[in-house]
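> Need coordinates for the below:
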Amino acid sequence: MTGLLDWFRGLSGRERRLVVVAAVLGLAVVLVEGVGVPLAGLWQDARADHDARLAQAARLVRQLDELGPPSRGRPAPLAGLVAQGAGLVIEPLAGGGGQARIVRGSGASAAVLGWLEGLPGRGWVVRRLVLAPLGEGTISFEATLAS
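Got it, this is the predicted structure:
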């Protein structure tokens, strides 16, 4: 380090200014390429993931709006639905007799939305749905289901 300082002190004033400008430019390039570019890539990836989740939620809402009256067939038992909700924590709160059931749960947003999308195929219709973000890609939900 002392050798570098001795060399720098041995330069003329004009040479010192040029060395300082070159060092600042080199540091700026390192910061932009080493920090700025990776952060911009992460931002773009997060934005694309968010847009994909919004499109999936919009598709789910559209499908819920397009549903007609509930099917007359026998719905799958709610216990089976809970068992098939991989990665979800689901608890039945109220209801019975195949009419309306209220369930509450939480999990990864993709798992929750996928589980909700599969309910009509099993004979259940979502009558009311409340989603709330929990952070780190997870959401909680409370749904009223009808058979």
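
> quick one: residue 116 is in a strand?
No - checked against DSSP: H, G, I helix; E, B strand; the rest coil, residue 116 lies outside a strand; its state is helix.

> Hmm, it is touching residue 139, no?
No - between residue 116 and residue 139 there is no contact under C-beta atoms under 8 Å: 10.6 Å. The way it works is simple: take the backbone N, C-alpha and C, and place the C-beta from them, glycine included.

> residue contacts, residue 58?
If a contact means C-beta atoms under 8 Å, 6 or more residues apart in numbering, then residue 58 has no contacts.

> Would you mind extracting the C-alpha trace of the host helix or strand of residue 28 into CSV?
Using DSSP states H and E, residue 28 falls within helix 13-31. C-alpha atoms of helix 13-31 as CSV (Å, rounded to 0.1, in the frame of the first residue of the first chain):
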residue,chain,number,x,y,z
GLY,A,13,-1.0,17.3,-10.5
ARG,A,14,-2.3,16.7,-14.0
GLU,A,15,-1.4,12.9,-13.8
ARG,A,16,-3.1,12.6,-10.4
ARG,A,17,-6.3,14.1,-11.7
LEU,A,18,-6.3,11.7,-14.6
VAL,A,19,-5.6,8.7,-12.3
VAL,A,20,-8.5,9.8,-10.0
VAL,A,21,-10.9,10.2,-12.9
ALA,A,22,-9.9,6.8,-14.3
ALA,A,23,-10.4,5.2,-10.9
VAL,A,24,-13.8,6.8,-10.4
LEU,A,25,-14.9,5.7,-13.9
GLY,A,26,-13.6,2.1,-13.2
LEU,A,27,-15.5,2.0,-9.9
ALA,A,28,-18.7,3.3,-11.6
VAL,A,29,-18.4,0.5,-14.2
VAL,A,30,-17.9,-2.1,-11.5
LEU,A,31,-20.9,-0.9,-9.5
